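Engineer: would you be able to build a 3D model of this:
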Amino acid sequence: MNVGILDARHSSKKTVSVFIPVFRESKLLKPLLEKLIKDPYPCKEIICIIDEPTQKSLETVETFKSKVKFIVNGHRKGKVNALNEAYRFSTGEVLLFLDGDCKLPDGSQSFLEKVVDEIEKVEILDIKKKALRNSLMAKLTYYDYFCHSIGNYIFSKTIGRCIAFNGAAFAIKRYAFDILGGFRRVLSEDSDLAIRSFLKGFKFKLSKDIEVYTQVPPSLKEWYTQRRRWGIGAALWIREYYKTLAEIVVKHPKTLFSSMFAVAPSLTFLLLNILPPTFSYENFIVLLLSIAATKLSFLIPSAYVALITLLLLKNILPLAISFAIVIPLYWWASKKLNYTFNPIEFSLYYFLLSPLWLLIVIISLIRTFLIKDNNDILKTDWKI
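Structural biologist: Below is the predicted model:
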């Protein structure tokens, strides 16, 4: 295994340990490994952890076993357990975590070299994510990643720390990971690591120049299944850290609220509906469906349709005005962060996908705060 070997010529280079967790298989794993192996950065070790490998995954192991360290688990250990275990076999001063469904950008410049350069003055480096735009659903989800990048860019530029990030691609210095004790066995292990790093005062940066492309669910059904899991993870995270979050609101209100509205454009929808406070038969129907959906998940689509219909009927003019104000801001942000911006695609995301995601989070919050034992939820997710 030619990983992590240093010689006199590269003694000043930091070693990078790259961790790639895979559940069963990934179509993008082989090209990802090929690019990392060919990356000219000299001081690197590549560690790929595969739970419940398929035949295709085993063939990939055979192909790259001389250049990549593979940890193959015949049973499902879970992402968090697998990564924490793999960490003990690593030597890098910089730890780079990449999901198995990531694609590195084309280009001659070393991806790993850029990571090492950008993380020099911070403890945590969030790498910009872009959805692979290979379906209509992916094109809309692309703006979800875009909005999250805006939110983290705001945190990065204002207070230099961050409370949450998407763990599909990020780097952290080894000593910081040691101090934090690695990943905890929680559903949103990335957000959990982020907020603990915030409390430790570790410096954070969103890279504007480094990016990866990630495969996203190609259909609404698959997207919905993924987001239901993410929604529960976010709700459990909020339940655990709500006191810390309240303190952050008091200390950094501008940063937190501007980031929240950037990440969740549909918050505008919600505020237009509840300010000034009103209560009507239609509101009652939406509320009733939302509460019922905490127990009966199949009612979430019905609650979503009722909410969107209510918002459009009651607030069509304010919504149109607010969108006209907001869209130039997102267009400007897309230029700043180098994201594709299509007004029609963004409109569909803004009015349809973002509200559904917000509703899933709200229902997950209600469910999580009402149901204290979430072991049934945790057992269904391979990550923990």
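
Engineer: for the most centrally placed residue in the chain, what are its contacts?
Structural biologist: Compute the mean C-alpha point of the chain, and by CA atoms, centre = their mean the closest residue is N166, 2.2 Å away. Listed by CB atoms under 8 Å, 6 or more residues apart in numbering, the contact set of N166 reads 126, 129, 145, 148, 190. C-beta here means a position set from N, CA and C on the backbone, and glycine is covered the same way.

Engineer: now the second one, which residues is it bridged with?
Structural biologist: The reference is to K129. Going by DSSP bridges, K129 is paired in beta bridges with V212.

Engineer: what about the chain, any weak spots by pLDDT?
Structural biologist: Within the chain, the segments meeting pLDDT under 70 span 1-11, 269-270, 272-318, 371-384.

Engineer: domain assignment for it?
Structural biologist: Domain ranges of the chain: 8-239, 244-378, per automatic domain parsing.

Engineer: out of the ones you listed, which is the most enclosed?
Structural biologist: Ranked by mean neighbour count, the domains of the chain are led by domain 8-239 with a mean of 19 (mean count of other CB atoms under 10 Å).

Engineer: helix, strand, or coil at Q109?
Structural biologist: coil (DSSP: H, G, I helix; E, B strand; the rest coil).

Engineer: angles on the backbone of it, please.
Structural biologist: phi -70, psi 140 (degrees, to the nearest 10).

Engineer: E93 now?
Structural biologist: phi -80, psi -20.

Engineer: so it makes contact with T15?
Structural biologist: Yes - counting by CB atoms under 8 Å, T15 is a contact partner of E93 at 5.6 Å.

Engineer: quick revisit: find the pair from the contacts of N166 with maximum spatial separation.
Structural biologist: Y145 and D190 (13.7 Å; CB to CB).

Engineer: for the protein, what spans make up the strands?
Structural biologist: 16-23, 44-51, 69-73, 94-98, 102-103, 124-131, 169-173, 204-214 (DSSP state E).

Engineer: can I get those strands in JSON lines with distance to T225?
Structural biologist: Shown next, in JSON lines, are these (distance: least, CB to CB, whole Å):
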{"stretch": "strand 16-23", "distance to T225": "14"}
{"stretch": "strand 44-51", "distance to T225": "19"}
{"stretch": "strand 69-73", "distance to T225": "24"}
{"stretch": "strand 94-98", "distance to T225": "23"}
{"stretch": "strand 102-103", "distance to T225": "20"}
{"stretch": "strand 124-131", "distance to T225": "17"}
{"stretch": "strand 169-173", "distance to T225": "22"}
{"stretch": "strand 204-214", "distance to T225": "17"}
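
Engineer: right, and those strands - which one's nearest I179?
Structural biologist: strand 169-173 (9.7 Å).

Engineer: show me what that closest one pairs with in its sheet, parallel or antiparallel.
Structural biologist: When DSSP bridges is applied, strand 169-173 pairs with strand 94-98 (antiparallel), strand 124-131 (antiparallel).

Engineer: using CSV, write out the CA atom coordinates for the shortest one.
Structural biologist: What it means is strand 94-98. Only the C-alpha atoms of strand 94-98 are listed here, as CSV (Å, rounded to 0.1, in the frame of the first residue of the first chain):
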residue,chain,number,x,y,z
VAL,A,94,-5.2,16.8,7.9
LEU,A,95,-8.3,14.5,7.7
LEU,A,96,-10.4,14.8,4.6
PHE,A,97,-13.8,13.1,4.6
LEU,A,98,-15.5,12.4,1.3
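
Engineer: what does it rub up against?
Structural biologist: 14-21, 32, 83, 87, 112, 115-116, 119, 167-174, 177, 212.

Engineer: for stretch 14-31, what is the distance to the chain centroid?
Structural biologist: Computed by CA atoms, centre = their mean, to the nearest Å, the chain-centroid distance of stretch 14-31 equals 17 Å.

Engineer: and stretch 211-228, how far apart are its ends?
Structural biologist: End-to-end distance for stretch 211-228: 26 Å, by CA to CA, to the nearest Å.

Engineer: residues in contact with that stretch?
Structural biologist: Taking CB under 8 Å, 6+ apart as the rule, stretch 211-228 contacts 26-28, 98-99, 101-105, 127-132, 134-135, 137-138, 141-142, 145, 168-169, 297, 300, 338, 356-357, 360, 364.

Engineer: JSON lines for the strands paired with strand 169-173, including distance to V72?
Structural biologist: Shown next, in JSON lines, are these (distance: least, CB to CB, whole Å):
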{"stretch": "strand 94-98", "distance to V72": "18"}
{"stretch": "strand 124-131", "distance to V72": "26"}
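
Engineer: great, nothing more from me.
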